[in-house]
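Visitor: Kindly generate the corresponding structure for this input.
(3 chains)
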Amino acid sequence: MTGSYSLLVADLIGVAVFAASGASAAVAKRLDLFGVAFVGFVAALGGGILRDLVIGAVPPLAFADWRYALVAIAAALATFWLHPQLNRLRRTVLLLDAAGLGLFTVTGTLKAVHAGVPPVGACLVGMLTAIGGGLARDLLTGEIPVVLQREIYAIVALGGAVAVSVLSWLDVADSVTLAAAAAAMTGVRLIALRRRWSAPVAVP
Amino acid sequence: MTGSYSLLVADLIGVAVFAASGASAAVAKRLDLFGVAFVGFVAALGGGILRDLVIGAVPPLAFADWRYALVAIAAALATFWLHPQLNRLRRTVLLLDAAGLGLFTVTGTLKAVHAGVPPVGACLVGMLTAIGGGLARDLLTGEIPVVLQREIYAIVALGGAVAVSVLSWLDVADSVTLAAAAAAMTGVRLIALRRRWSAPVAVP
Amino acid sequence: MTGSYSLLVADLIGVAVFAASGASAAVAKRLDLFGVAFVGFVAALGGGILRDLVIGAVPPLAFADWRYALVAIAAALATFWLHPQLNRLRRTVLLLDAAGLGLFTVTGTLKAVHAGVPPVGACLVGMLTAIGGGLARDLLTGEIPVVLQREIYAIVALGGAVAVSVLSWLDVADSVTLAAAAAAMTGVRLIALRRRWSAPVAVP
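Guide: A predicted model of the protein is given here:
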């Protein structure tokens, strides 16, 4: 009960942070109030909607549990009005975003495993849960997705998804090991940000 | 029987109008005959396909009932050949588009409610049914979706979806009240067009 | 058994070729290693994922059978490192791409028919299986999909899907007739390429 409640709270924090990232991108593109709310919603919940469609969990959680939509839209609207102040919170936002990355990967991979998706597929679904919202945010605002261009982001999600799959296969995927996996992903992401790690680009 | 037949006819009018809007955008981007037909199909049926995937109604109506695809493709091809004349029909097209907005919202919200989607989710599904095709049309033609940038369009759909949900919850969602809701949405949309209402953009 | 094994091998060749086409586009856009692998995966498997969601086959084959993801990602990574040599293989790649077009259309249409999708819908699903990956590849790399702009590609898929539907309806869709249908599509595509056929564009 308490574990499930913590998971919900953590999940909603991830939703709020990803919604703020989507809303910020929408404000920068001069979208209107509705556009900011919509891009925020999609950035926060697009990855989970894709996950739920792929594993056959319909209607997706974003439509089945009103708290998800409410938190996403509230965070996006707050960003619409408070975005100048958000720049001062940039470090906090990056920290929360890294936390969201770890959390969404863990919950996405676990849901896929529990839905009977085989290991390789479950890792891909876990990764897509974490990066799908950002992909959709960038497509809606007319950009080539940043996650495909630079930065160590998706690869952290993929590594974490593999770890969660292995933990699950070893039958040791309890709240302690899963929290450790999420924390490790968050840590690696923050180190990659600080050291400006990036993946190679092909030689032309 | 007659009610269901009227609904089908009205639905197909919405499909034809949205297909023409997609085909017009494709013609303007110099897409070829196939591209015009395809963007017309997606603009007309993309919102409904998304709705059906989300509520688990597979295969989506666009693939299960050939009349939908046929009407969409015929309207798109007609636009390919007749688009210069369409400019003279611009006011008619805007009127029909506003009617389609009201109708797609009503049918989308009702289908979600009947599929067991809770109220908040059903409102979102109803709105997505109405705006999903236009979003896909703009993405396929390389534009940031216009519905996110300006105009009072999606917000009319959202308001209408809330009204339909309430009518349904009060158990008074019969053909008269639903037609009134669709008509009200159409009216508000036309007033918003005439008065050039638009949603606010964030202060930079 | 042997027939099913041949089908799998042929399917995986199509996956590899489409992954290479996606990866080439990603390399040209200077995406990083992850971006190249991801666009390759989507170009190879996006059409099939869409097909499986539409017919309700969840999780989609791309997530249910690890060989599909593995082949797609391996082909994309090979393209990342070997893309300068791929230019010399351009004719081979175009030949294999035409083969993939025929094959994906046949398997996509058949799966839709077997899932109970009516004929018109099954043709559309078959065509979407063949062109969906290329559409997603172009959207992810910031381009208006080439299949909507020029070249006789999707129309070959649509014609082939109609042929497969008719064969299936006549109950003569065995491995010989289906192979002939795929070969005919490949042939028409190659002739269209050589003769530079293209669909008309609307008169402005």
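
Visitor: Please count neighbours and contacts with C-alpha atoms only from this point.
Guide: Noted.

Visitor: Residues of chain A that sit close to chain B?
Guide: A:27, A:30-36, A:38, A:53, A:58-60, A:62-66, A:80-81, A:84, A:139-142 (C-alpha under 8 Å from any C-alpha of the partner chain).

Visitor: run the last query once more with 6 Å
Guide: Counting by C-alpha under 6 Å from any C-alpha of the partner chain, the positions of chain A adjacent to chain B are A:31-33, A:35, A:58-59, A:63-64, A:66, A:80, A:141-142.

Visitor: ok, which of those also contact chain C?
Guide: Of these, not one also sits near chain C (C-alpha under 6 Å from any C-alpha).

Visitor: from the residues you listed, which ones fall inside helices?
Guide: Among the residues of chain A next to chain B, DSSP state H puts A:33, A:35, A:63-64, A:66, A:80 in helices.

Visitor: what's the most distant pair in those residues?
Guide: A:A64 and A:F80 (25.7 Å; C-alpha to C-alpha).

Visitor: Tell me which of those two has more neighbours.
Guide: More crowded of A:A64 and A:F80, by other C-alpha atoms under 10 Å in any protein chain shown: A:F80, with 27 against 18.

Visitor: Pull up the residues of chain A that are close to chain C.
Guide: A:54-56, A:120-121, A:144, A:148-150, A:199-202.

Visitor: Would you point out the most distant pair within the residues you listed?
Guide: Spatial extent of those (C-alpha to C-alpha) is set by the pair A:G56 and A:A202 at 36.7 Å.

Visitor: returning to what we had before: quick one: buried ones out of the residues of chain A next to chain C?
Guide: A:54-56, A:120-121, A:144, A:148-150, A:199, A:201-202 (16 or more other C-alpha atoms under 10 Å in any protein chain shown).

Visitor: Lowest-confidence entry in those?
Guide: Of all those, A:R150 carries the smallest pLDDT score, 82.

Visitor: On the three-state scheme, that residue is what?
Guide: Classification of A:R150 by DSSP: H, G, I helix; E, B strand; the rest coil places it in coil.

Visitor: Quick check on it: phi, psi?
Guide: Taking degrees, to the nearest 10, you get phi -160, psi 180 for the backbone angles of A:R150.

Visitor: Neighbours of A:A173, how many?
Guide: A:A173 has 18 neighbours, counted by other C-alpha under 10 Å.

Visitor: Name the SS class of it, please.
Guide: coil.

Visitor: who touches it in this structure?
Guide: A:L167 (C-alpha atoms under 6 Å, 6 or more residues apart in numbering or on different chains).

Visitor: quick revisit: tabulate the buried ones among the residues of chain A next to chain C (TSV), appending secondary structure.
Guide: TSV is the format used below for those (three-state DSSP):
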residue	secondary structure
A:V54	helix
A:I55	helix
A:G56	coil
A:V120	helix
A:G121	helix
A:I144	coil
A:L148	helix
A:Q149	coil
A:R150	coil
A:A199	coil
A:V201	strand
A:A202	coil
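
Visitor: Show me which helix or strand of chain A is least confident by mean pLDDT.
Guide: One helix or strand of chain A scores below all others by mean pLDDT, DSSP states H and E: helix A:2-28, with a mean of 85.

Visitor: Closest to the centroid, which residue in chain A?
Guide: A:A130 (3.6 Å; C-alpha atoms, centre = their mean).

Visitor: Might one say that it is in contact with A:L103?
Guide: No. Between A:A130 and A:L103 there is no contact under C-alpha atoms under 6 Å: 8.2 Å.

Visitor: just to revisit the earlier point, and the least confident helix or strand of chain A, what's buried?
Guide: Within helix A:2-28, the residues scored as buried using 16+ other C-alpha under 10 Å are A:7, A:10-27.

Visitor: For that helix, what is the distance to the chain centroid?
Guide: 8 Å (C-alpha atoms, centre = their mean, to the nearest Å).

Visitor: Report the separation between A:G134 and chain C.
Guide: According to C-alpha to the nearest C-alpha, to the nearest Å, A:G134 stands 12 Å off from chain C.

Visitor: any idea which element that residue lies in?
Guide: Element membership of A:G134, judged by DSSP states H and E, is helix A:119-140.

Visitor: Give the next helix or strand downstream of that helix.
Guide: Moving toward the C-terminus from helix A:119-140, the next element (DSSP H and E) is helix A:154-169.

Visitor: Other residues contacting that next one?
Guide: Under the contact criterion C-alpha under 6 Å, 6+ apart, helix A:154-169 has outside partners A:105, A:109, A:123, A:126-127, A:173.

Visitor: Then stretch A:86-102?
Guide: A:14, A:130, A:182, A:185-186.

Visitor: same deal with stretch A:28-45?
Guide: A:15, A:18-19, A:22-23, A:26, A:72-73, A:76, A:133-134, A:137, B:148-150, B:199-201.

Visitor: before we move on, the earlier item: next, work out how far apart the residue nearest to the centre of chain A and A:L158 are.
Guide: With the distance defined as C-alpha to C-alpha, to the nearest Å, A:A130 ends up 9 Å from A:L158.

Visitor: again, but for A:I131
Guide: As judged by C-alpha to C-alpha, A:I131 and A:L158 stand 10 Å apart.

Visitor: So for those two, which residue has more residues nearby?
Guide: A:I131 (25 against 22).

Visitor: pLDDT score assigned to that one?
Guide: Reading off the model, A:I131 has pLDDT 96.

Visitor: Relative to A:L148, how far out is it?
Guide: The value you get for A:I131 to A:L148, if C-alpha to C-alpha is used, is 10 Å.

Visitor: cool, A:G48 as well?
Guide: A:G48 is 19 Å from A:L148, by C-alpha to C-alpha.

Visitor: What of A:A37?
Guide: In terms of C-alpha to C-alpha, A:A37 sits 24 Å off from A:L148.

Visitor: Ok, A:A161 next?
Guide: A:A161 is 18 Å from A:L148, by C-alpha to C-alpha.

Visitor: Also A:S168?
Guide: From A:S168 to A:L148 the distance is 28 Å (C-alpha to C-alpha).

Visitor: shared neighbours of A:I131 and A:L158, which are they?
Guide: Common neighbours of A:I131 and A:L158 (C-alpha under 6 Å, 6+ apart) do not exist.

Visitor: and of the ones in helices among the residues of chain A next to chain B, the nearest to chain C?
Guide: Proximity of these to chain C (C-alpha to the nearest C-alpha) peaks at A:F63, which lies at 17.8 Å.

Visitor: any idea how far the nearest residue to the closest one once chain neighbours are set aside is from chain C?
Guide: Leaving out its chain neighbours, the residue that sits closest to A:F63 by C-alpha to C-alpha, 6 or more residues apart in numbering or on different chains is B:G121, at 4.0 Å. Distance, B:G121 to chain C, by C-alpha to the nearest C-alpha: 20 Å.

Visitor: one step back: most neighbours, which of the contacts of helix A:154-169?
Guide: Using other C-alpha under 10 Å as the neighbour criterion, A:T109 leads these with 34 neighbours.

Visitor: residues contacting that residue?
Guide: A:122-123, A:126, A:161.

Visitor: now with 7 Å?
Guide: A:122-123, A:125-126, A:161, A:164-165 (C-alpha atoms under 7 Å, 6 or more residues apart in numbering or on different chains).

Visitor: Tally up the residues packed near A:A179, please.
Guide: Residues near A:A179, counting by other C-alpha under 10 Å, number 16.

Visitor: Revised request: answer the last question for A:G132.
Guide: Neighbours around A:G132, by other C-alpha under 10 Å: 24.

Visitor: what's the closest non-adjacent residue to it?
Guide: A:G47 (4.0 Å).

Visitor: And for A:G133?
Guide: Closest to A:G133 by C-alpha to C-alpha, 6+ apart is A:A43, at 3.9 Å.

Visitor: Let me know the outermost residue of chain A.
Guide: Farthest-from-centroid check, chain A (C-alpha atoms, centre = their mean): A:P204, 32.0 Å.
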